[in-house]
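**Q** How does the following fold in three dimensions:
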Amino acid sequence: MNHQDILSFIEQHKEQWLEELNDLLRIPSISADPKYKDDVKRAAEKVKELLLQAGVDKAEVCPTAGHPVVYAEKTINPDAPTVIVYGHYDVQPADPLELWHSPPFEPVIKKTDIHPQGAIFARGACDDKGQTMMHINALQLMNQLNTLKCNVKFMIEGEEEVGSAHLADWIRENKHRLKGDVILISDTSILANDTPSIDVGLRGLAYMEVEVTGPNRDLHSGVYGGAVANPINILCKMIASCHDENNHITIPGFYDDVVELTEEERKELNKAPFNEEAYKKDLGIKEVWGEKGYTVLERTGIRPTLDVNGIWGGYIGEGAKTVLPSKAYAKISMRLVPNQSSDKIARLFQNYFESIAPACVQVKVTAHHGGEPVVVSTKSEGFLAASKAMEKTFGKKPIPTRGGGSIPIVALFKKELGLDSILMGFGLDTDALHSPNEHYGLFNFFKGIETIPFFYEYYYELKKGGK
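**A** Numbers count the residues shown, from 1 in each chain. Coordinates of the predicted model:
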């Protein structure tokens, strides 16, 4: 495969690909909000159209009990290895809208200190429309340069941001056409634009919602305050009790299954480039925070966590209203590490939260969704192909890292299809994923398109016994 031919092809198609990505980004495919259901479907149809345009043999929008899955195939040779590309076209809600510097679904390109070549600002730019589009564009490139040696199957879903609730059923129903050799995913990040990396581990997730009820109606805080329990006060105390003074999670049994890394493994993990002062400056914080005895890289990669993702209740409008609310709510997520089970942790959390509730309130705990932690072998053919591909285009060998986020379907793919997933992402942790002003660097977008064809070439060689 000629590297210069790839670079020339990318240069010739930059404007076309950016406009196609912008068209996709303009669709508010927010899977969590039912009022955007038609937009989610419209985004699925757009992805299908782009796949056909890129040269797949066939593509279809497959209905599920929730949002659809876009499935496509390109067969080169029945005897060739098959790569299954996974991505998602759904996005997080854009709230809070007032914190965006430009409208979230009107993509604009702006230069930043980290992205001097420019970055696309829009919801979904990096997570995951931009990274999914890299694979579609790379397929077009390989088709037209006649360099594709592997068969390709695309599985692009519309429910990743809500836990891939219906993907497992769809996979079980479609196992007959999901036969392959490896799953390739770009939904993760690299350490820096001059420091490539590949995630070899992801944390699992248990996502909960709690409801605390006090009196049977909102009350006057002057008449009843001090005599009737305030659910917001109680909820805050209950949440605070989930950590001790060392930020260690206090839920009984929470750490029972945690795999502790050896000192040597921890030392290797901390060799990854990390500047704590730059980290704090970027976030606008004076100090980092977390479990005592662990570094930032360990806290975000190999240790479980418990965080409040939202808390509400009572009056939050303009001005004052002296109310003692009837109810208070919180959404709480726990990131998990090998060998923790999301179902077990959800049960432990529910048991704990119900057990610490005082008699003056009632507590309801609901488990929303979860996923299992995973670790990928650095000796697999897929990892080696990804490593060689990144070394080819970045000019240096990528560093294996542990990702702090969760992609629940990685464990699902292993369970249902028996396939390992290669997490070859190109975003940056500073790209404001799930936050206002999400963006994706043009360097990263085009570097992904440049790198992906080499993954296919090296994977083919490794599967066929080449060096």
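
**Q** all contacts plus neighbour counts: C-alpha atoms, from now on.
**A** OK.

**Q** three-state assignment of N437?
**A** What DSSP: H, G, I helix; E, B strand; the rest coil gives for N437 is coil.

**Q** my guess is it meets A122, correct?
**A** Yes: counting by CA atoms under 8 Å, N437 touches A122, with 6.6 Å between them.

**Q** Mutual contacts of those two, please.
**A** Both N437 and A122 are contacted by P104, under the criterion CA atoms under 8 Å, 6 or more residues apart in numbering.

**Q** residue ranges for the helices of this protein, please.
**A** Assigned by DSSP state H, the chain shows helices spanning 3-25, 37-54, 129-145, 167-173, 221-224, 231-240, 263-269, 276-283, 296-299, 342-355, 381-394, 409-417, 442-463.

**Q** which stretches of the stretch 351-467 of the chain have low pLDDT?
**A** Along the stretch 351-467 of the chain, segments meeting pLDDT under 70 span 466-467.

**Q** what's the answer for the chain, then?
**A** Scanning the chain with the threshold set as pLDDT under 70 gives 466-467.

**Q** domain parsing for it?
**A** Segmentation of the chain into domains, based on automatic domain parsing, reads 3-202+373-463, 204-258+304-371.

**Q** Turn the helices of the chain into a markdown table, columns for mean neighbour count and distance to V374.
**A** A markdown table is the format used below for the helices of the chain (neighbours: other CA atoms under 10 Å; distance: least, CA to CA, whole Å):
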| stretch | mean neighbour count | distance to V374 |
| --- | --- | --- |
| helix 3-25 | 15 | 30 |
| helix 37-54 | 20 | 28 |
| helix 129-145 | 23 | 21 |
| helix 167-173 | 15 | 17 |
| helix 221-224 | 12 | 49 |
| helix 231-240 | 17 | 28 |
| helix 263-269 | 12 | 16 |
| helix 276-283 | 12 | 26 |
| helix 296-299 | 18 | 16 |
| helix 342-355 | 18 | 12 |
| helix 381-394 | 22 | 14 |
| helix 409-417 | 18 | 6 |
| helix 442-463 | 22 | 22 |
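
**Q** For G314, which of these is the nearest?
**A** Checking the helices of the chain against G314 by CA to CA gives helix 231-240 as the closest, at 7.8 Å.

**Q** Would you pull up how far the closest one lies from the middle of the chain?
**A** Put simply, helix 231-240 sits 29 Å off its chain's centre (CA atoms, centre = their mean, to the nearest Å).

**Q** Let me have the helices of the chain in a markdown table, adding distance to V152 as columns.
**A** Compiled in a markdown table, the helices of the chain are given as follows (distance: least, CA to CA, whole Å):
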| stretch | distance to V152 |
| --- | --- |
| helix 3-25 | 19 |
| helix 37-54 | 11 |
| helix 129-145 | 9 |
| helix 167-173 | 17 |
| helix 221-224 | 63 |
| helix 231-240 | 47 |
| helix 263-269 | 33 |
| helix 276-283 | 38 |
| helix 296-299 | 35 |
| helix 342-355 | 32 |
| helix 381-394 | 14 |
| helix 409-417 | 16 |
| helix 442-463 | 10 |
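
**Q** show me what contacts E450?
**A** Neighbouring residues of E450 by CA under 8 Å, 6+ apart: 6-7, 10, 138, 393.

**Q** I figured G253 hits A346, correct?
**A** No: with contact defined as CA under 8 Å, G253 does not reach A346; the gap is 11.5 Å.

**Q** Considering the contacts of E450, which is situated nearest to A411?
**A** Nearest to A411 out of the contacts of E450 is A138 (CA to CA; 26.0 Å).

**Q** Just list the residues touching the closest one, thanks.
**A** A138 neighbours (CA under 8 Å, 6+ apart): 449-450, 452-453.

**Q** would CSV of those residues with distance to G226 be doable?
**A** Output for the contacts of A138, formatted as CSV (distance: CA to CA, whole Å):
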residue, distance to G226
I449, 62
E450, 65
I452, 63
P453, 67
